[in-house]
Structures are given as structure tokens and as C-alpha cells.
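J.: Starting from these lines, generate the structure:
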Amino acid sequence: MANARELQSRMKSIKDTMKITNAMYMVSSSKLQRARRELKNTEPFFYMIQDSLAKIKAAVPDAGSAYFDKRPKKQGDDRIIGYLVVTADKGLAGAYNHNIIKLAEKNVITDGANNMLFVIGQLGRHYFEKRSIPIDINFNYTAQNPTVNRARHISEKLIEMFLEHKIDEVRVIYTRVVNSMTVEAVCNKVLPLAEDDIQIQDNELVDEYDDAVFMPDAKTAFDTIVPSYVAGFVYGALVESYCSEHNSRMIAMQQASESASDMIKELSVQYNRARQAAITQEISEVCGSAKHLNK
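T.: You can find the predicted model right below:
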């Protein structure tokens, strides 16, 4: 059994660690709220884009046919799928990065020999480089504080490769927030576009207009708007990943603080027992010495 001084030192060390975990919890909570607020502020813009695409498609069915090209003739190893993997820049977020990397390995490596890998986030880059898994495009952006401009640059590169037939599909592997306690790693297809996903919006964020005029023509307008639509999807994935990272870190830090609190309680009991044993021993020694002097 450790002596009282060793137990006291361990308790002090755990309390110092608790200060760090509590601070990290508060920082992640603040960043999570700010990211959700920014995503909410941009939603009307992307709802309007989707609504515009749906109305153009309804007026001119063959508009943007290149973006809906599923290329059914290319199957098996001939079909090239580009995966955009969004990881974090740092750890201490529970199983957040592990789940993303596990899903990425399953899709990129197992499901096809010619698949291409695009990575955002330091941990993902380091993981794939360490295992000699080739990264076709390394987007040297931080996973922190996602912006629309960053998402637009990424989407432009992906669209360019898709239209040039360098890749036949574009999928994004990221983590979405299911609820305040649960996050989930998902893989969603961005390109080619699916007509079922482009629907006329029926909410207060979108203005109604029936007699729209497209300049110079509907097909050109559609091709001009699609990059913004894809950028909106990428931006949403970046923000969802950012929110999921901090949500996971909040849960991890809360669990760490609770475990530290339990350890302190257990060590306090041991410390009191050790202190009581030391006091009892000192009393016994004093009593023994007094009896010896009396004799």
C-alpha cells in the first residue's frame, strides 16, 4: 500500500489533469456552437441553389446532363471512384478518427484497385503516409474552422476531374452528428448528381417564383450553379465533421473528468486509511514508550 505522501502526490496530479480536461471540454463546446451557428446562417443560400437547380431541371430536362452521367459501361476495376476523406488535425476525440479511417480503408482499398484518395486533416494524412497508402490529392487545409471558400476550391477540383473522366464517381467520407451523444461515420455520393436529391424546396427560406427567366439560357445557368451546389455539399460535410470532432472531444473529456473524479474519491479513501494507520502507529509508539519509561 502506498504511503500518504505518494497518494497525495497522485491526487494532485489527477486534479491538474482534470483542469485540462475541463478546459478542453469548454473550448470544444464553444467551437461547436459557433460552427452550428455558421452552418445555420449559410443554409438559406444552399437551399436557394438546390431550388434553382430543381426548377431549371423541371423546365429543361436535359440540362446539366454531364453532371448526371452515371457511366454504366464502366464497372468493376475499370470504374474509378474518388474518395474525399475528412479527418481531424489532432486526437483526444475518442473514436472519431478511428471510425473515419476504418471506413476509408474499407472503401478505398478493399472495394477497388483504381480508387483515388483525397484527404483533409493532419491525422488522416499521417496515417495513410505511414502505411504507404498513396494519396492522389492532399488538400493541405486544416480541418478546423471550415469556410465556404475552402469548400469551393475543393469542389472545383473534384468537378474538373469528374468532367474530364479521370474519376467516375465522387464520394465524401465524413462524420455526421446523429444527436448530442452520437456521431456516425458515413460515405455519401456527390457526383454524379441524382435527380431524386435535387428537389424544389418547400420552406420559408426559399422565395417562390414561377415565371423565372434564365440568362443566357437554362443549360448555361444550370452548369454555372452546379459547382455552388457541390461546394455546398462539401461545406456541409466539413462543418458536420468539425461539429462531430468537437462533440466527440466533449464526450471524451467529460468521461475523462468523471473517471478522474472517481479515481480521486478512491485515492482519498486510501489516503485517509494510510493517514489513520500512521496516526494509530504513532499513538502506539507513544504509549509503548510511556510504559517503558514507567517501568
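
J.: Now do the longest helix anywhere in the chain: which elements does it pack against?
T.: In the chain, with assignment by DSSP state H, the single longest helix is helix 218-294. Counting contacts by 3 or more CB pairs under 8 Å, 6 or more residues apart in numbering; DSSP states H and E, helix 218-294 is packed against helix 4-59, strand 81-86, helix 96-105, helix 148-163, strand 169-179, strand 182-191. Glycine gets a C-beta too; all of them are placed from N, C-alpha and C.

J.: May I see these organised as CSV, with distance to His246, mean neighbour count and mean pLDDT added?
T.: Formatted as CSV, these follow (distance: least, CB to CB, whole Å; neighbours: other CB atoms under 10 Å; pLDDT from 0 to 100):
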stretch, distance to His246, mean neighbour count, mean pLDDT
helix 4-59, 4, 16, 77
strand 81-86, 14, 25, 86
helix 96-105, 9, 20, 83
helix 148-163, 18, 18, 86
strand 169-179, 10, 20, 82
strand 182-191, 10, 18, 82
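
J.: Now render the ones you listed as TSV, adding distance to Asp136.
T.: Conversion of the helices and strands packed on helix 218-294 to TSV gives the following (distance: least, CB to CB, whole Å):
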stretch	distance to Asp136
helix 4-59	27
strand 81-86	8
helix 96-105	13
helix 148-163	9
strand 169-179	12
strand 182-191	16
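
J.: Quick one: closest of the ones you listed to Met253.
T.: Among the helices and strands packed on helix 218-294, helix 4-59 comes nearest to Met253, with 4.1 Å by CB to CB.

J.: how far is the closest one from where the chain is centred?
T.: 10 Å (CA atoms, centre = their mean, to the nearest Å).

J.: tell me what that helix is packed against?
T.: helix 218-294.

J.: for the helix it packs on, what is the average pLDDT?
T.: Mean pLDDT, computed over helix 218-294, is 79.

J.: what's the angle between it and helix 96-105?
T.: Going by axes from the mean of the first three to the mean of the last three CA atoms, to 10 degrees, helix 218-294 is angled at 140 degrees with respect to helix 96-105.

J.: Taking strand 81-86 as reference, get the angle to helix 218-294.
T.: Using the same axes, to 10 degrees: helix 218-294 against strand 81-86 is 40 degrees.

J.: ok, for Ala4, nearest residue in space, not its chain neighbours?
T.: Ala274 (4.4 Å; CB to CB, 6 or more residues apart in numbering).

J.: what distance separates stretch 108-124 from the centre of its chain?
T.: 16 Å.

J.: Oops, could you answer that again for stretch 173-193 instead?
T.: That offset, for stretch 173-193, works out to 9 Å (CA atoms, centre = their mean).

J.: before we move on, what about stretch 116-131?
T.: Worked out by CA atoms, centre = their mean, stretch 116-131 lies 14 Å from the chain centre.

J.: Which residues outside it are in contact with it?
T.: 80-91, 97, 100-101, 104, 108, 133-139, 141-143, 154, 158, 167, 238 (CB atoms under 8 Å, 6 or more residues apart in numbering).

J.: Just the buried positions in that stretch, please.
T.: Met116, Leu117, Phe118, Val119, Ile120, Gly121, Gln122, Leu123, Gly124, Arg125, Tyr127, Phe128 (16 or more other CB atoms under 10 Å).

J.: ok, so of these, who is nearest His246?
T.: The shortest gap between His246 and any of the buried residues of stretch 116-131 belongs to Gly121, at 13.7 Å (CB to CB).

J.: Now that closest one. Nearest residue, chain neighbours left out?
T.: Gly121 sits nearest to Thr87 (CB to CB, 6+ apart), 3.4 Å away.
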